[in-house]
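Enquirer: Structure for this input, please:
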Amino acid sequence: MKILLFGKNGQVGWELQRSLAPLGQVIALDRHSPELCGDLADLRGIGDTVRRVQPGVIVNAAAYTAVDKAEGDVETAHVVNTEAAGALAEAATVVGAWLVHYSTDYVFDGSGDIPWKEDDPTGPLGVYGRTKLEGERRIVAACQKHLVLRTSWVYAARGGNFAKTMLRLARERDRLAVVDDQFGAPTGADLLADVTAHMVRALAVSSSGNLGGTYHLAAAGQTSWHAYARFVLDCASEAGVALKATSSAVDPVPTTAFPTPAVRPRNSRLNTAKLRTHFGLTLPEWQQGVARMLTEIT
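Expert: From the prediction side, this is the model:
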């Protein structure tokens, strides 16, 4: 199997290079790849790349993810998140490839407290969510053989993440203030990559082709950013990390305490029953992945 991966140096793309390797030849690209175009802003270039490589599977782990910046950079976000998704879908159809594409809980309006199902009404609150949703629609319209995987609260040991920020601040300050009215499930890039590999393998051995579609993929359980921060500091304290602010010094505050250009959804919970049922997978509790990541960075 030949797999073409876009976004190789992102958090998820980095892990995908590992998880997809046992499935076949992985051709991994980023924006600066010299021989093949991996820049999603170059629509003609990425289409040409697909036609040259002739992959059996395309995995798009690249996106415009700067949520706040997107509010003032609508055109670029639209090209990368919407137009490029459509271009990859059209090219995938031409060569007969499966297209695996990552999307986000930001396609919903964040209302209520029930985990979102795949067929629930969408209602993005900002540019990032709107461009990602339109990208999903372009893929569904242009490519029958697709997997759209919506996820939330992604982190990795590599690069910056919420846990690293909390640890840094807890070393510097006596007290912290963290939002307590947004809820979701912290989801490791390694988990996303491993589940993706399982799904791609299932597609390869399935004779029906009925496994395609849109799925929600996130770690099990739910938490708030405030409880997430306290968990991180508790783990660090147990590991002997010297902190000025322990978990008891983390104060809960509302979202309004930290105004941002882009509105954050309050409810980022995702119902993963469809994925677990169709692919026979078990998704671990979010605490398991975060604790594992913390052992790597502390």
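Enquirer: can you give me the strands for the stretch 51-200 of the chain?
Expert: 57-60, 98-104, 146-151, 154-155, 176-179, 183-184, 187-188 (DSSP state E, counting those that start in this stretch).
Enquirer: Can you tell me what sits against the fifth one?
Expert: Strand 176-179 has contacts (CB atoms under 8 Å, 6 or more residues apart in numbering) with 166, 169-170, 224-226, 228-229, 245, 249-255, 257-258. All C-beta spots, glycine's among them, are computed from the backbone N, C-alpha and C.
Enquirer: and with 7 Å instead?
Expert: 169-170, 225-226, 229, 245, 249-255, 257-258 (CB atoms under 7 Å, 6 or more residues apart in numbering).
Enquirer: can you check the fourth one too?
Expert: With CB under 7 Å, 6+ apart as the test, strand 154-155 has contacts from 11-12, 161-163, 186-189, 192, 293.
Enquirer: Mind checking which of the contacts of strand 176-179 are in helices?
Expert: Residues of these located in helices (DSSP state H): 169-170, 225-226, 229.
Enquirer: Can you select the buried ones among those for me in PyMOL?
Expert: Selecting only the buried entries of those in PyMOL, with 16 or more other CB atoms under 10 Å as the criterion:
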select buried, resi 169+170+225+226+229
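Enquirer: could you redo the ones in helices among the contacts of strand 176-179 as TSV and give each row distance to Pro121 and pLDDT?
Expert: Listed next are the ones in helices among the contacts of strand 176-179 as TSV, based on distance: CB to CB, whole Å; pLDDT from 0 to 100:
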residue	distance to Pro121	pLDDT
Leu169	37	96
Ala170	39	96
Trp225	25	97
His226	28	97
Ala229	31	96
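Enquirer: Please name the residues that touch Glu134.
Expert: Thr82.
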